[in-house]
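*Asks:* What follows is a predicted structure for the sequence shown.
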Amino acid sequence: MLREKNNMKKNKIGIIGGSGVYDLAQLTDKKWQRINTNFGEPSDELLFGKIGEYELVFLPRHGRGHKNSPTSINFRANIEALKIAGVSEIISVSAVGSLSEKLAPGAFVIVDQFIDRTFAREKSFFGKGCVAHVSMAKPTCSRLSTHILIAGKNAGINIINGGTYLAMEGPQFSSVAESKLYQSWGCDVIGMTNMPEAKLAREAEICYVSVAMVTDYDCWHPDHEAVSVEQVIKILLSNAETARKLVSSAISLIGDDSSSSKCSCKSALDYAIITAAEARDPELTKKLVNIAGRVL
């Protein structure tokens, strides 16, 4: 049985986030590689590497040097590039503002729900000529969330399991009225990048977990304006270090999980495509080969 376990194929883990997350001292065999996709150019090249026997693929969400605004990110190309790279699990790491007094700067939240208020982004690989409807009732992978929670506790990280992420279009931040509105809706954190990222990961049948790193209290908090830029930068740097600890702690848990292939995320398209085969646009179905080839 031991030999069988050692020979078991490890899950390849994709990590989407800022450059601070990628500076893992134990990462070896590092190589940046451009991946061509059917949906355009990803934000950047992908960084391939290994930690022990585990393969990792890092994607700078905004591109190295932060070249892309949240609206200009090609989310479809980013997710397809990770799919082409063989990634089966995605850890999404992003900075957010807190909408709750309980979530102070420096806290980490494992997001389990979203409210999508973005409006200027391509949100699906499918469309006219090949229509699909995937379920987003539970928009993140509960299996990955459990691994992240255990990894966070093992690493001594202040991590909260469960929270609602309000995705706004940006690039401007909220008004006070908007911030208070989102609080009244029961949202916990606010950010600009997890939508349509989570939706596209589901369409691509890749397991996805969102780790939100709190940097500030958004603008609803009466003491918000008293927070200096220096303090925010200090929190950002601290969060990056904590994110590296979290990723390092989670790798073996996720990489060794033999139940990954049976996860419901991997069969999200089983009954999603409703366009009759004879009515499908051949050009679109050709573009979808990497995303939906399993069912098409």
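*Replies:* Structure's in. What do you need? All figures in this text were calculated on a predicted structure; none of them were measured in a lab.

*Asks:* ranges for the strands of the protein?
*Replies:* 13-17, 28-33, 46-51, 54-60, 89-98, 108-111, 113-116, 159-161, 164-167, 189-191, 207-216 (DSSP state E).

*Asks:* Give me the neighbour count for the nearest residue in space to T28 that is not next to it in sequence.
*Replies:* Spatial nearest neighbour of T28, chain neighbours left out: K50 (5.3 Å); criterion: C-beta to C-beta, 6 or more residues apart in numbering. (Glycine included, C-beta is placed from N, CA and C.) Neighbourhood size, K50 [other C-beta atoms under 10 Å]: 14.

*Asks:* was I right about K50 contacting Q26?
*Replies:* No - with contacts counted by C-beta atoms under 8 Å, K50 stays clear of Q26, the gap being 9.2 Å.

*Asks:* Turn the strands of the chain into TSV, columns for distance to G40 and mean pLDDT.
*Replies:* Shown next, in TSV, are those (distance: least, C-beta to C-beta, whole Å; pLDDT from 0 to 100):
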stretch	distance to G40	mean pLDDT
strand 13-17	17	97
strand 28-33	17	97
strand 46-51	15	97
strand 54-60	14	97
strand 89-98	19	96
strand 108-111	26	98
strand 113-116	21	98
strand 159-161	34	97
strand 164-167	21	98
strand 189-191	23	96
strand 207-216	20	95
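
*Asks:* For those, give me CSV that also has distance to L200.
*Replies:* Shown next, in CSV, are these (distance: least, C-beta to C-beta, whole Å):
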stretch, distance to L200
strand 13-17, 11
strand 28-33, 21
strand 46-51, 16
strand 54-60, 13
strand 89-98, 10
strand 108-111, 16
strand 113-116, 12
strand 159-161, 24
strand 164-167, 13
strand 189-191, 16
strand 207-216, 9
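
*Asks:* Indicate which one of those strands is closest to P139.
*Replies:* Closest approach to P139 among the strands of the chain (C-beta to C-beta): strand 113-116, 5.4 Å.

*Asks:* got a list of what the residue nearest to T28 touches?
*Replies:* L27, T28, D29, L56 (C-beta atoms under 8 Å, 6 or more residues apart in numbering).

*Asks:* On the pLDDT front, check the first one for me.
*Replies:* For L27, the model assigns a pLDDT of 94.

*Asks:* That one - how many residues pack around it?
*Replies:* For L27, using other C-beta under 10 Å, the count is 18.

*Asks:* And stretch 114-126, end to end?
*Replies:* 21 Å (C-alpha to C-alpha, to the nearest Å).

*Asks:* where's the closest residue to Y165 other than its chain neighbours relative to I206, distance?
*Replies:* For Y165, ignoring the flanking residues on the chain, the nearest one in space by C-beta to C-beta, 6+ apart is V111 at 4.5 Å. Note on V111: its distance to I206, by C-beta to C-beta, to the nearest Å, is 16 Å.

*Asks:* what's the answer for G106, then?
*Replies:* 29 Å.

*Asks:* Between those two, which is the more surrounded one?
*Replies:* I206 (22 against 16).

*Asks:* Spit out the contact partners of the residue nearest to A120 when sequence neighbours are not counted.
*Replies:* Leaving aside its sequence neighbours, A120 sits nearest to T71 (C-beta to C-beta, 6+ apart; 5.2 Å). Residues counted as contacts of T71 (C-beta under 8 Å, 6+ apart) are T118, A120, R121, E169, G170, P171.
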